[in-house]
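A.B. asks: please find the sequence and the predicted model below.
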Amino acid sequence: MDEAARAVLARNDRGGYTVPTDRLYPFQWNWDSAFVAMGFAIFDIDRAYRELERLVEGQWDDGMIPHIVFHAPSDTYFPGPEVWGTRHRIATSGITQPPVFGMALRHVHDAAVAAGRPDAADRTLALFQAALRSHRWWLSARDPHGLGLVSILHPWESGSDNSPAWDEALARVPPTTTTAIRRKDTGHVDPAMRPRDEDYQRFIHLVDVYRDCGWEPARQWAVAPFKIADVQMTGILARSTADLIYLAEALGLEGERAELASMHHALTTGLAGRWRPDLARFVSLDLVSGEDVGAPTQACFMPLVALHVDHTQLQAVEAEIKRWLEGMVVGLPSTAPYSQAFEPKRYWRGPVWAVVNWLLADGLRMNGALELARQIEQSTVSAIERSGFCEYFDPTTGEGLGGDAFSWTAAAYLVLSRRGHGPSAQATRP
Ligand code: GLC
């Protein structure tokens, strides 16, 4: 299996960067590459750095790291560069994705130092600076009012495209588009496992609106019909910030360390305020309606990757997660099985994603919930051993679904199958 996982990464390698899978996702994706870099760090440190370096080629002058970098043309994906109409040196999309980058960089750096690589400090430093610029972008472009929570302006930014968490907010977005929609995804994968056509019309409506703003963050913020201060995004950003603080210390960068520490304080304070004891979850905030996002999805537990919660909170979270796992062959479902929105085969409305489990298990380990963390890791590894390196899994049957030979599932396998015993996740504190 280990060799097979490496073979998936080799097969999806397009020259220093990895596509998520052939045809369905034929370019470089932001958070996919961060996970892939951590997978590579196990057996090829140079290639791990390359993955991040190639992603940063797509970084905009304002600091944003886009969700897709179109290094080479392909006609098997919609929407391509002509729809996004961005103006960076190389073609990219105009939105971003969860900033796992900082976390990945620390991981690669630690592996490089452990292997005694003489180029570790230089290569890490260049990528650290890119990461810092992107975190500054996050706070200025996506938290202009200083809530301590960063917002997504498009469901695709969340990485959980059609999650029930977006249903109410997306229903307010008109389904009209100026761009002609030519879906390619449903030609590669069973449409019953993909977002619906109506979701796509709203997804593209948002792209049209932001392209008309010239991809200018302040203009987009002012007119965005979809704006959610997201606990998953903020949790991941806060965690990556902690990992950058660790790197600033390792590299002897005192000014940067202090700047990151103040970002970290703002984000963890913002996140802590999103805990809802009656629900045993953290909840996102819809900035258009002013309402909490009530849908029970995996995002509600993601703050654990960044926060050290108290004993009562941890007990409540563990009990809630166990409730979601009851009767499931593999967990954690991306939507609570008791929710009416639960659809075990439809993308982010129920299926299990290996990389989500990876993050959640890290958060649980960091908070001392080792047994539950191990259970989630082991069930992920077994699901992959049974069904292969699929895009995601049906929690009720363990069946592998979506695209196959997926890079991030292979990376998750390489990392999680080595966890086995003991608290190997690094708990980070500034
Ligand atoms: C889908 C997923 C997203 C992922 C991308 C490439 O859009 O929702 O999280 O990054 O595919 O794998």
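C.D. replies: Yes, it's here. Residues are numbered from 1 along each chain as shown.
A.B. asks: so what's the residue in the stretch 1-150 of the chain positioned nearest to the ligand closest to, chain neighbours aside?
C.D. replies: Proximity of the stretch 1-150 of the chain to the ligand (C-beta to the nearest ligand atom) peaks at residue 20, 3.5 Å away. In this view, the C-beta of every residue, glycine as well, is placed from N, C-alpha and C. Sequence neighbours aside, residue 32 is the residue nearest to residue 20 in space, at 4.7 Å (criterion: C-beta to C-beta, 6 or more residues apart in numbering).
A.B. asks: tell me how far the one you found lies from residue 276.
C.D. replies: Using C-beta to C-beta, to the nearest Å, we find residue 32 at a distance of 31 Å from residue 276.
A.B. asks: hmm, back to that, which pLDDT value goes with the residue of the stretch 1-150 of the chain closest to the ligand?
C.D. replies: Note for residue 20: predicted pLDDT of 98.
A.B. asks: between residue 32 and residue 276, point out the one with more neighbours.
C.D. replies: residue 32 (28 against 13; other C-beta atoms under 10 Å).
A.B. asks: the more buried one sits in which helix or strand?
C.D. replies: Using DSSP states H and E, the element containing residue 32 is helix 30-40.
A.B. asks: tell me if that helix is near the ligand.
C.D. replies: Yes: applying C-beta under 6 Å from any ligand atom, one finds helix 30-40 touching the ligand at 31, 32.
A.B. asks: what's the mean pLDDT across that helix?
C.D. replies: 98.
A.B. asks: what's the answer for stretch 405-417, then?
C.D. replies: Across stretch 405-417, the per-residue pLDDT values average to 98.
A.B. asks: and that stretch, how far out from the chain's middle?
C.D. replies: 15 Å (C-alpha atoms, centre = their mean, to the nearest Å).
A.B. asks: any part of it near the ligand?
C.D. replies: No: judged by C-beta under 6 Å from any ligand atom, stretch 405-417 stays clear of the ligand, getting no closer than 6.6 Å.
A.B. asks: and the protein, which of its residues are near the ligand?
C.D. replies: Going by C-beta under 6 Å from any ligand atom, the residues of the chain near the ligand are 20, 25, 29, 31, 32, 159, 161.
A.B. asks: neighbour-wise, which of these leads?
C.D. replies: Counting neighbours by other C-beta under 10 Å, residue 32 leads the residues of the chain next to the ligand with 28 neighbours.
A.B. asks: quick one: residues contacting it.
C.D. replies: 18, 20, 25, 407, 408 (C-beta atoms under 8 Å, 6 or more residues apart in numbering).
A.B. asks: all strands for this protein, in order.
C.D. replies: 28-29, 68-69, 151-152, 228-229, 275-276, 281-282, 285-286, 392-393, 400-401 (DSSP state E).
A.B. asks: and of those strands, who's closest to residue 186?
C.D. replies: Shortest distance between residue 186 and these, using C-beta to C-beta, is found for strand 400-401: 14.1 Å.
A.B. asks: now do the phi/psi pair for the residue in the stretch 201-350 of the chain that the ligand sits nearest to.
C.D. replies: Proximity of the stretch 201-350 of the chain to the ligand (C-beta to the nearest ligand atom) peaks at residue 348, 6.3 Å away. Main-chain torsions, residue 348, degrees, to the nearest 10: phi -100, psi 20.
A.B. asks: please identify the deepest-packed of the strands of the chain.
C.D. replies: Highest mean neighbour count among those (mean count of other C-beta atoms under 10 Å): strand 392-393, with a mean of 28.
A.B. asks: sorry, back to before: contact partners for the residue of the stretch 201-350 of the chain closest to the ligand?
C.D. replies: Residue 348 is in contact with 160, 161, 162, 163, 297, 334, 335, counting by C-beta under 8 Å, 6+ apart.
A.B. asks: related to what we said a few turns ago, could I get the strands of the chain as a markdown table with distance to residue 248?
C.D. replies: Listed next are the strands of the chain as a markdown table, based on distance: least, C-beta to C-beta, whole Å:
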| stretch | distance to residue 248 |
| --- | --- |
| strand 28-29 | 26 |
| strand 68-69 | 26 |
| strand 151-152 | 26 |
| strand 228-229 | 26 |
| strand 275-276 | 28 |
| strand 281-282 | 27 |
| strand 285-286 | 30 |
| strand 392-393 | 35 |
| strand 400-401 | 40 |
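A.B. asks: which one's the longest helix in the protein?
C.D. replies: If you go by DSSP state H, the chain has its longest helix at helix 120-142.
A.B. asks: if we can go back for a sec, which of the residues of the chain next to the ligand sits closest to residue 234?
C.D. replies: Out of the residues of the chain next to the ligand, the member with the shortest distance to residue 234 (by C-beta to C-beta) is residue 159, at 13.3 Å.
A.B. asks: need the contact list for the spatially closest residue to residue 309 that is not a sequence neighbour.
C.D. replies: Nearest residue to residue 309 in three dimensions, chain neighbours excluded: residue 367, at 5.8 Å (C-beta to C-beta, 6+ apart). When contacts are counted by C-beta under 8 Å, 6+ apart, residue 367 touches 304, 307, 308, 309, 314.
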